[in-house]
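Engineer: Sequence first, predicted coordinates after that:
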Amino acid sequence: MNNKSEKIYMQDWLSLHTYQQSSADDQWYLEFAQNLIPLLKESSILQEFTFEEYKDLALLLTVYFEDAVSEGGGWMRFRNRIEELYQKKLPFYNIKKDEYFDSEINREDIQFVIWSFLSCPQDEIGDDYILMNPLDKELEQLSSSIFNLLDEAFEDAPVTEAESADWIMDMELLQRNAKAMPLITAEHCTSASAKKLLEFTKEYPLQFFASYDDLARFFVDILKWEDKEESLMPEMKPHKNFILYANSKGILLAPEAALYFKADQNPLYDADKAQEESYVLFCEQGSCPFDLLKYGISQGYLKEAALPFDKGHQLLQDNWDFITRWYLGEFYEGD
């Protein structure tokens with residue numbers, strides 16, 4: 001018998017849907033979600049969960065189940081867009097065509113749903129973010145256990161209209177298309193500062209600075225900014241290892257990033273730091289202007305970047321566009 005305080009209510013289930021009036025089918029799925037919680041509590045990777053977290057994850061797994069059974073809803077919209085963007089069923093997983101079934105449940109789906117719940121961008125939890133290895137062995141084991149439970153119930157699960165909301169991620173963000181990288185020359189540059197940088201570097205768009213003092217001198221001597229403290233980005237004084245980038249939007253600045261860009265013109269590059277830390281550019285909102293990140297990737301400057309777990313290098317290199325959509329949110333292809 002579940003503790004009264006550990007009960008999932010119908011309004012919890014309906015909050016994941018586009019309608020408010022429940023039916024017998026909704027009651028079936030609600031009871032299924034409730035029965036998932038004991039299995040979730042057995043998992044070693046979820047031991048620190050509160051009941052609210054167990055409840056929320058159980059609901060997501062159940063609405064995935066409903067969408068998969070009914071072949072519609074938020075899950076299908078998400079998966080179809082992922083395939084359109086990346087020509088594969090899901091991020092992260094190397095799925096063989098004959099081992100994945102569009103009209104059924106799949107272990108990789110479940111593993112991804114749990115990953116999505118555990119991997120939190122900054123705008124969900126505040127100043128920090130949470131990284132979860134999508135290939136984690138314990139995550140894989142939990143996904144297999146849940147798959148078995150869903151598989152046993154598959155034939156009994158009601159087929160509904162699958163009117164679930166977009167519960168995986170913001171579909172507006174997922175619908176954004178990657179923008180082409182325009183080539184900017186000093187002759188065609190509309191920003192005075194960007195034009196001066198490109199003239200100084202003979203059209204190379206990046207400059208690297210070890211200290212704020214070096215950066216400020218460049219502002220004054222080369223970009224001809226007014227030599228007053230308030231004009232020289234004084235908020236950047238506590239930082240170092242800057243990248244200055246000239247593009248169609250003007251001058252973009254990234255502090256604490258120069259160590260990670262493996263460019264011939266960058267004397268500050270640190271291979272060890274790049275391998276260990278440069279994933280923050282892909283995950284930490286505001287750490288690097290997205291246009292600069294994209295330029296670095298296009299030039300091969302971030303080939304050492306790796307997520308901080310086993311196989312993290314390949315995961316980041318193969319999935320960087322999805323990872324930045326997920327973690328950077330509105331910064332992805334932002335204005």
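Structural biologist: Noted; the coordinates are in hand.
Engineer: For the stretch 201-335 of the chain, which segments count as strands?
Structural biologist: Secondary structure of the stretch 201-335 of the chain (DSSP state E, counting those that start in this stretch): strands at 206-211, 240-247, 250-254.
Engineer: Among those, pick out the one with the most neighbours on average.
Structural biologist: strand 240-247 (a mean of 23; mean count of other CB atoms under 10 Å). C-beta here means a position set from N, CA and C on the backbone, and glycine is covered the same way.
Engineer: contact partners of it?
Structural biologist: 182, 184, 189, 191, 193-195, 197-198, 205-212, 215, 218, 236, 251-259, 261, 268, 288-289, 291-292, 295 (CB atoms under 8 Å, 6 or more residues apart in numbering).
Engineer: just the buried members of those?
Structural biologist: Taking 16 or more other CB atoms under 10 Å as the criterion, what is buried in the contacts of strand 240-247 is 184, 189, 191, 193-195, 197-198, 205-209, 212, 215, 218, 251-259, 261, 268, 288-289, 291-292, 295.
Engineer: Tell me which residues of stretch 29-48 come out buried.
Structural biologist: For stretch 29-48, by 16+ other CB under 10 Å, it's 29, 30, 32, 33, 34, 36, 37, 39, 40, 43, 45, 46.
Engineer: pLDDT (mean, whole number) over that stretch?
Structural biologist: Average pLDDT, stretch 29-48: 96.
Engineer: Give me the residues contacting it.
Structural biologist: Contacts for stretch 29-48 (CB under 8 Å, 6+ apart): 2, 6-8, 10, 13, 49, 53-55, 57-59, 61-63, 65-66, 118, 136, 138-139, 141-142, 145-146, 149, 153, 157-158.
Engineer: These in strands, which ones?
Structural biologist: The strands, defined by DSSP state E, take in nothing from these.
Engineer: And the buried ones among these, selectable in PyMOL?
Structural biologist: This is how PyMOL selects the buried members of the contacts of stretch 29-48, with burial counted by 16+ other CB under 10 Å:
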select buried, resi 8+13+49+54+55+57+58+59+61+62+63+65+66+118+136+139+142+146+149+157
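Engineer: Mind jotting down where the helices sit in this protein?
Structural biologist: 10-14, 24-41, 51-70, 73-86, 107-118, 122-125, 137-153, 171-175, 192-201, 212-221, 271-277, 280-283, 290-298, 312-328 (DSSP state H).
Engineer: With distance to residue 232 as extra columns, can I get those helices in CSV?
Structural biologist: Converted to CSV, the helices of the chain look like this (distance: least, CB to CB, whole Å):
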stretch, distance to residue 232
helix 10-14, 52
helix 24-41, 53
helix 51-70, 46
helix 73-86, 41
helix 107-118, 42
helix 122-125, 28
helix 137-153, 47
helix 171-175, 35
helix 192-201, 12
helix 212-221, 5
helix 271-277, 27
helix 280-283, 24
helix 290-298, 20
helix 312-328, 27
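Engineer: do you know which of these lies nearest residue 305?
Structural biologist: Evaluated over those, closeness to residue 305 peaks at helix 312-328, with 5.5 Å, by CB to CB.
Engineer: Mind checking the pLDDT average for that closest one?
Structural biologist: 97.
Engineer: Run through who's touching that helix.
Structural biologist: 82, 85-86, 91-92, 119, 121-122, 129, 133-135, 169, 173-174, 176, 178, 275, 279, 282-285, 290, 293, 297, 303-307, 331-332.
Engineer: Dump the C-alpha coordinates for it into PDB.
Structural biologist: Once non-C-alpha atoms are left out, helix 312-328 reads as follows in PDB (Å, rounded to 0.1, in the frame of the first residue of the first chain):
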ATOM      1  CA  GLY A 312      32.800  11.400 -23.800                       C
ATOM      2  CA  HIS A 313      35.000  12.600 -26.600                       C
ATOM      3  CA  GLN A 314      33.100  10.700 -29.300                       C
ATOM      4  CA  LEU A 315      29.700  11.500 -27.700                       C
ATOM      5  CA  LEU A 316      30.400  15.200 -27.800                       C
ATOM      6  CA  GLN A 317      32.000  15.300 -31.200                       C
ATOM      7  CA  ASP A 318      29.100  13.300 -32.800                       C
ATOM      8  CA  ASN A 319      26.300  15.000 -30.900                       C
ATOM      9  CA  TRP A 320      27.500  18.600 -30.300                       C
ATOM     10  CA  ASP A 321      24.600  20.200 -32.100                       C
ATOM     11  CA  PHE A 322      21.900  18.400 -30.000                       C
ATOM     12  CA  ILE A 323      24.000  18.900 -26.800                       C
ATOM     13  CA  THR A 324      24.100  22.600 -27.400                       C
ATOM     14  CA  ARG A 325      20.400  22.700 -28.100                       C
ATOM     15  CA  TRP A 326      19.700  20.900 -24.900                       C
ATOM     16  CA  TYR A 327      22.000  22.700 -22.600                       C
ATOM     17  CA  LEU A 328      22.400  26.200 -24.100                       C
END
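Engineer: Noted, bye for now.
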